[in-house]
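Engineer: A predicted structure for the sequence below; I have some questions about it.
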Amino acid sequence: MIACFGDSITVGIPGFSYFRYLEGREKYRNLGVGGDTLLGLSKKVDKFLVESSCKDIIIQIGTNDILLPFLKQRSRVWEKIIYRLNLRGSIPITNVETFIEKYEILINKILGYKIKVISIPCIGENIKSKLNKKVDIYNMAIYNLCKEYNIKYIDFNKWQKELIRQSDIESEYIISKYFIKIITDTILTTYLGFSKQISKKRKLVVTVDGVHLNKIGGKGLAKLITTE
């Protein structure tokens, strides 16, 4: 079995998980947790190492380390939600030096496994935004760690950017400050399958809300995982 750790992008709520498009999906376990951060995932890995016999691990994490502080400033509702996430251990790391340190600790825990690491996806499809510049810095840190430890690095972020550039579509849409919109998006995209329509309405290429994947994004990531 292959254990797939991650956040809501791995879970696929809202939007679509890459998990559903993996070839031989029965070999994979979706262990994603919505809202998770590097620190939160590291704790789950500790428990996993004790209880599981899986020998292959896929790691997709880091989005919320950058996204949650941004959302916290958007509304009181998000502030309360993020407070609860922090209480359960999903605490964002807001500086790259500490992020590198904690990510390296995570890697050392699982070095005996066959590992694939997925880059942090775009946060918003404006690839020149401040958020995405920070994503680039964090991704470079992850890439360097993967290179140092000879771990497979799946550059999904690069793949997303190529499609966004090719589309010649510019969108500033990013997760709404109203949390109810997340619930609505989940119903419309995950359960009713209207991701294409929602993305088109918001002028988005690979996501339904600037972060969570639509079918194009999910299929693209699945292909990268199984072919690289």
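Structural biologist: Yes, it's here.

Engineer: C-alpha only now, for contacts and for neighbours.
Structural biologist: OK.

Engineer: how distant is stretch 68-81 from the center of its chain?
Structural biologist: When C-alpha coordinates are averaged (CA atoms, centre = their mean, to the nearest Å), stretch 68-81 and its chain have centres 18 Å apart.

Engineer: meant to ask about stretch 204-213, not that
Structural biologist: Its chain's C-alpha centre and that of stretch 204-213 lie 12 Å apart, by CA atoms, centre = their mean.

Engineer: Also stretch 94-101?
Structural biologist: Worked out by CA atoms, centre = their mean, stretch 94-101 lies 17 Å from the chain centre.

Engineer: Same question for stretch 221-228.
Structural biologist: What separates the centre of stretch 221-228 from the centre of its chain is 15 Å, taken as CA atoms, centre = their mean.

Engineer: Next: stretch 137-146.
Structural biologist: With CA atoms, centre = their mean as the basis, the mean position of stretch 137-146 lies at 15 Å from the chain mean.

Engineer: Phi first, then psi, for I118.
Structural biologist: Phi and psi for I118, reported as degrees, to the nearest 10, are phi -100, psi 130.

Engineer: same thing with E170?
Structural biologist: Dihedral angles for E170 - degrees, to the nearest 10 - are phi -120, psi 130.

Engineer: In this structure, what residue spans correspond to helices?
Structural biologist: According to DSSP state H, the chain carries its helices in the segments 8-11, 38-51, 63-72, 76-87, 96-109, 130-148, 156-167, 180-185, 195-201, 215-227.

Engineer: Which helix or strand in the protein has the lowest average pLDDT?
Structural biologist: Every helix and strand in the chain was compared by mean pLDDT, DSSP states H and E; the lowest is helix 38-51, with a mean of 91.
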